[in-house]
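Visitor: Only the shape, not the letters, is given here:
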């Protein structure tokens, strides 16, 4: 009996020693892993001001490439409007920042890339230096992970330690771990107890609560911690993304199929079609002039497989659309994809050759007319899609910005209005619009002019008073 007790306490002592040893290693691991973390500040130039943004980011490679989360930059902002990138080392005086160059956004992952000036590169360590040498297994439920958080700029972005345990792992569509509590700041890395790179924290996952008051019944609200996250995408999924540095700030080439408004197959429809054990994407609309149209894809086709591989069953159902779009994003313009679709009661194969994505809104030319008080933007393919206008009807310009209390604002012009005519003359191209509006802007004697606009399918004549 005494011998058994001694063995028990001896084993317990060994376990406690191992735990203490791991705990003793954490400060050194943390200090080393912080070298793959930076804070990035940049400014977005608008017509009226410069708006600062600060985000956490990871070091992608030894060339000083920094990977910023997809949510760091608004999808519709022109790359030319992004100015003065500044890179800060955690805990260093913010006066010692280095400058960076914006490289563009990867269309597959959505991540943005910045390259820091050479003088800082020796102080940085790529996060991949801490990757597992062998294929890492998925996190186990209850397994502990830790990550890095950053304080604000006024505190020199001081790094701090965070830790939690995994409560769930699921496909969203990337394999993603959800922890019991916040484990890192969004965009920053997460590690296992041994210090191996385990993933990158992502934002946008809030907690839902019910709020009660004396005057009203309980209402659901969502609280979102923008500085910390309990969710991280697994390293095995996202490590390949770190090498996808765009060749240009536009992120091109960008593959395009042209199947618009994809929706997950409704469970009741799936049951009726005897497809309850399958997953699918329903095509709402096949876009004009697209590879999908050329291949013969039809509205209401249900895509069941891509290149012979059935679409996976994911929860919630809408995740399958993200999965399908991600898979297309891995292809390049010119690649051929084979879609297995259900059309009515018949299963057919559609072979489509992907094309280059038409010009995006963030790439469109635009000109700000300060006296008139608005920015005219080039009408692009996407504008025709949302307005349900055939390609032959693409003309005019779009008001992308309208200044409050300006002449056009007072006349009733609103952002996203479609300008079809100026002073009774039809505007066919962006160049025509800029030329005509520039003449009006430069004419000091001009007292008014007229715009024909379209909003929500209804046209209106706006008389703009200049004096």
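Guide: Noted; the coordinates are in hand. Model, not experiment: these values are computed from the prediction.
Visitor: going forward, measure contacts and count neighbours with C-alpha atoms only.
Guide: OK.
Visitor: Run through the residues that contact residue 34.
Guide: Shown in contact with residue 34 (CA atoms under 8 Å, 6 or more residues apart in numbering): 90, 148, 159.
Visitor: same thing with residue 330?
Guide: Contact analysis of residue 330 by CA under 8 Å, 6+ apart lists residue 108.
Visitor: Between the contacts of residue 34, which sits nearest residue 259?
Guide: residue 148 (40.1 Å; CA to CA).
Visitor: so what pLDDT did the residue nearest to the closest one when sequence neighbours are not counted get?
Guide: For residue 148, ignoring the flanking residues on the chain, the nearest one in space by CA to CA, 6 or more residues apart in numbering is residue 184 at 5.0 Å. Looking at residue 184, its pLDDT is 97.
Visitor: Just give the number of residues close to residue 184.
Guide: For residue 184, the neighbour count with other CA atoms under 10 Å is 31.
Visitor: for residue 410, same thing?
Guide: With other CA under 10 Å as criterion, residue 410 counts 17.
Visitor: For the residue nearest to residue 96 when sequence neighbours are not counted, name its beta-bridge partners.
Guide: Spatial nearest neighbour of residue 96, excluding adjacent residues (CA to CA, 6+ apart): residue 88 at 7.4 Å. Beta-bridge partners of residue 88, counted by DSSP bridges, are residue 39.
Visitor: Helix or strand: which one has residue 434?
Guide: helix 430-442 (DSSP states H and E).
Visitor: thinking again about what came up before, would you convert the contacts of residue 34 into a markdown table that also reports distance to residue 419, neighbour count and secondary structure?
Guide: Formatted as a markdown table, these follow (distance: CA to CA, whole Å; neighbours: other CA atoms under 10 Å; DSSP: H, G, I helix; E, B strand; the rest coil):
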| residue | distance to residue 419 | neighbour count | secondary structure |
| --- | --- | --- | --- |
| 90 | 48 | 25 | coil |
| 148 | 49 | 25 | strand |
| 159 | 50 | 20 | strand |
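Visitor: Using JSON lines, lay out those together with distance to residue 310 and pLDDT.
Guide: Shown next, in JSON lines, are the contacts of residue 34 (distance: CA to CA, whole Å; pLDDT from 0 to 100):
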{"residue": "90", "distance to residue 310": "45", "pLDDT": "97"}
{"residue": "148", "distance to residue 310": "38", "pLDDT": "97"}
{"residue": "159", "distance to residue 310": "44", "pLDDT": "98"}
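Visitor: Pick the one among those residues closest to residue 424.
Guide: Taking these together and measuring to residue 424 by CA to CA, the closest member is residue 90, at 58.4 Å.
Visitor: Pop out the phi and psi values for the closest one.
Guide: phi -60, psi 130 (degrees, to the nearest 10).
Visitor: dump the residue contacts of it.
Guide: With contact set as CA under 8 Å, 6+ apart, residue 90 has these partners: 34, 37-39, 150, 156-159.
Visitor: is it possible to export those residues to a markdown table including distance to residue 285?
Guide: Listed next are these as a markdown table, based on distance: CA to CA, whole Å:
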| residue | distance to residue 285 |
| --- | --- |
| 34 | 47 |
| 37 | 43 |
| 38 | 43 |
| 39 | 42 |
| 150 | 44 |
| 156 | 50 |
| 157 | 47 |
| 158 | 50 |
| 159 | 48 |
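Visitor: out of those residues, who's nearest residue 371?
Guide: Relative to residue 371, the closest of the contacts of residue 90 is residue 39; by CA to CA it sits at 38.3 Å.
Visitor: my guess is that closest one meets residue 87, correct?
Guide: Yes - with contact defined as CA atoms under 8 Å, residue 39 and residue 87 form a contacting pair (5.9 Å).
Visitor: ok so, going back, show me how far the helix holding residue 434 is from its chain's centre.
Guide: 35 Å (CA atoms, centre = their mean, to the nearest Å).
Visitor: Centroid-nearest residue for this protein?
Guide: residue 70 (3.5 Å; CA atoms, centre = their mean).
Visitor: before we move on, the earlier item: out of the contacts of residue 34, the closest to residue 244 would be?
Guide: Using CA to CA, these come closest to residue 244 at residue 148, 23.7 Å.
Visitor: That closest one reaches residue 182, doesn't it?
Guide: No - the criterion here is CA under 8 Å, and residue 148 misses it with residue 182 at 10.4 Å.
Visitor: which neighbours do these two share?
Guide: With CA under 8 Å, 6+ apart as the test, residue 148 and residue 182 both reach residue 162.
Visitor: Can you get me a residue count around the residue nearest to residue 96?
Guide: Counted with other CA under 10 Å, residue 88 comes out at 23.
Visitor: I'd say it and residue 116 touch.
Guide: No - here residue 88 does not reach residue 116: they are 10.0 Å apart, not a contact under CA under 8 Å.
Visitor: Can you pull the residues that touch both of these two?
Guide: Shared contacts of residue 88 and residue 116, defined by CA under 8 Å, 6+ apart, comprise residue 98.
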